[in-house]
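S.K.: coordinates only, sequence not included:
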């Protein structure tokens, strides 16, 4: 599962004693812009217009064409809700849909921040919501005033659209000595709840780990200590793994995650196969499973994934960078939706897609 506002974050990380990485990062960005600009005209010709079905039973990505980064999906009754990182003056964006393709953007799901969080919404990132009994529980990232690190908070609401409230005086999880904690993701296995997150070590030159920690039955506190599952060790991941998302399929546990520099075409999605919800986990040698497509029509930096089931079909929602009219990267990331199919218990994303595909059967 960044940039919540991640554009500020990447600048902040790169400037902490990492001048060579800054130079490398700038060169990567310049190369990205050049590649996108060269392909820009072809992109506009090759990719169908987004936001509307191309036929009665088909659609084209993106399904939310505005800035809607780090999307997470929740079904509540006959409605689907999508939550995303801050944008347009909202701390937490939320949208609702009956069919996963046509979305209505709603008001701020978390209009007020708790006392422990810094005022201002640019550091509110990557929210996820789970229903526990009749209560909807949101986990999100915000800036902790005491440590000046990104930390994980928890808020509740009786309505999946909000308004969510966090009345605590301190974060739920804050690994300040490891750079902070971001990208919380809840998971239910039978009657047991878990929270997955990452230490924000790439803010300050540390290794990044994806962790699992058991939650109390009400989801409002953690139990025991966090267990590290995977860290950035493969070449494609570079300096960071993030956006953990646990998913259970046919009794097996799959930890999906994003990796590499979110602001470049190197950002991508991979997975690890885990023996239990708390590991041990082994990364797939075939990673990444969802990556940029740098030939027109372009798909740049897919990630911040959310994996969910609709009937017999598994789906993956993710963001991708939008392309401007002059063929360069914009400052926003749109939400896309593709099928995730299983073959011999191995997940395969049918994408990233840029053409028409069949509507979800909901």
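M.R.: Thanks, I have it. On a predicted model such as this, the values are computed, not experimentally measured, just so you know. Numbers count the residues shown, from 1 in each chain.

S.K.: tell me which stretches of the protein form helices.
M.R.: According to DSSP state H, the chain carries its helices in the segments 6-14, 19-46.

S.K.: and these, which one is worst for confidence?
M.R.: For those, the stretch scoring lowest in mean pLDDT is helix 6-14; its value is a mean of 34.

S.K.: how about stretch 216-230: buried residues?
M.R.: Taking 16 or more other Cβ atoms under 10 Å as the neighbour-count basis, stretch 216-230 is seen to contain the buried residues 219, 222, 226-230. (C-beta placed from N, C-alpha, C; glycine too.)

S.K.: now render these as CSV, adding distance to residue 210 and pLDDT.
M.R.: Compiled in CSV, the buried residues of stretch 216-230 are given as follows (distance: Cβ to Cβ, whole Å; pLDDT from 0 to 100):
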residue, distance to residue 210, pLDDT
219, 19, 98
222, 16, 98
226, 10, 98
227, 10, 98
228, 7, 98
229, 5, 98
230, 5, 98
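
S.K.: could those residues be laid out in a markdown table, adding distance to residue 291?
M.R.: Listed next are the buried residues of stretch 216-230 as a markdown table, based on distance: Cβ to Cβ, whole Å:
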| residue | distance to residue 291 |
| --- | --- |
| 219 | 33 |
| 222 | 33 |
| 226 | 29 |
| 227 | 28 |
| 228 | 25 |
| 229 | 22 |
| 230 | 18 |
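
S.K.: taking those one by one, which sit in strands?
M.R.: Judged by DSSP state E, strands contain the following of the buried residues of stretch 216-230: 222, 226-230.

S.K.: residue 144 contacts residue 114, correct?
M.R.: No. Here residue 144 does not reach residue 114: they are 10.0 Å apart, not a contact under Cβ atoms under 8 Å.

S.K.: what is the nearest of the ones in strands among the buried residues of stretch 216-230 to residue 333?
M.R.: Nearest to residue 333 among those, counting by Cβ to Cβ, is residue 230 at 23.8 Å.

S.K.: what about the protein, any weak spots by pLDDT?
M.R.: When the per-residue scores of the chain are filtered using pLDDT under 70, the ranges that remain are 1-56.

S.K.: show me what contacts residue 189?
M.R.: With Cβ atoms under 8 Å, 6 or more residues apart in numbering as the criterion, the residues that contact residue 189 are 248, 277.

S.K.: give me the beta-bridge partners of it?
M.R.: Here residue 189 sits in beta bridges with residue 192, going by DSSP bridges.

S.K.: again with residue 293
M.R.: Here residue 293, judged by DSSP bridges, has bridge partners residue 299.

S.K.: I figured it hits residue 299, correct?
M.R.: Yes. Taking Cβ under 8 Å as the definition, residue 293 is a contact partner of residue 299 at 4.2 Å.

S.K.: who has more neighbours out of these two?
M.R.: residue 299 (25 against 17; other Cβ atoms under 10 Å).

S.K.: not counting sequence-adjacent ones, nearest residue to residue 246?
M.R.: Distance criterion Cβ to Cβ, 6 or more residues apart in numbering; nearest residue to residue 246, sequence neighbours excluded, is residue 187 at 4.2 Å.

S.K.: wait, isn't the one you found in contact with residue 213?
M.R.: No. With contact defined as Cβ under 8 Å, residue 187 does not count as touching residue 213 (10.8 Å).

S.K.: name the residues contacting each of these two.
M.R.: Counting by Cβ under 8 Å, 6+ apart, the common neighbours of residue 187 and residue 213 are 194-195.

S.K.: and the strands in the stretch 51-200 of the chain?
M.R.: Assigned strands in the stretch 51-200 of the chain, in chain order: 58-59, 72-76, 79-84, 93-97, 104-105, 125-132, 135-144, 149-157, 181-189, 192-199 (criterion: DSSP state E, counting those that start in this stretch).

S.K.: out of these, nearest to residue 317?
M.R.: Each of the strands of the stretch 51-200 of the chain was scored for nearness to residue 317 using Cβ to Cβ, and the closest is strand 72-76 (5.4 Å).

S.K.: buried residues, that closest one. List them.
M.R.: For strand 72-76, a neighbour-count test (16+ other Cβ under 10 Å) marks 72-74 as buried.

S.K.: closest to residue 123 out of those residues?
M.R.: Taking Cβ to Cβ as the measure, residue 123 sits nearest to residue 72 out of the buried residues of strand 72-76, at 17.7 Å.
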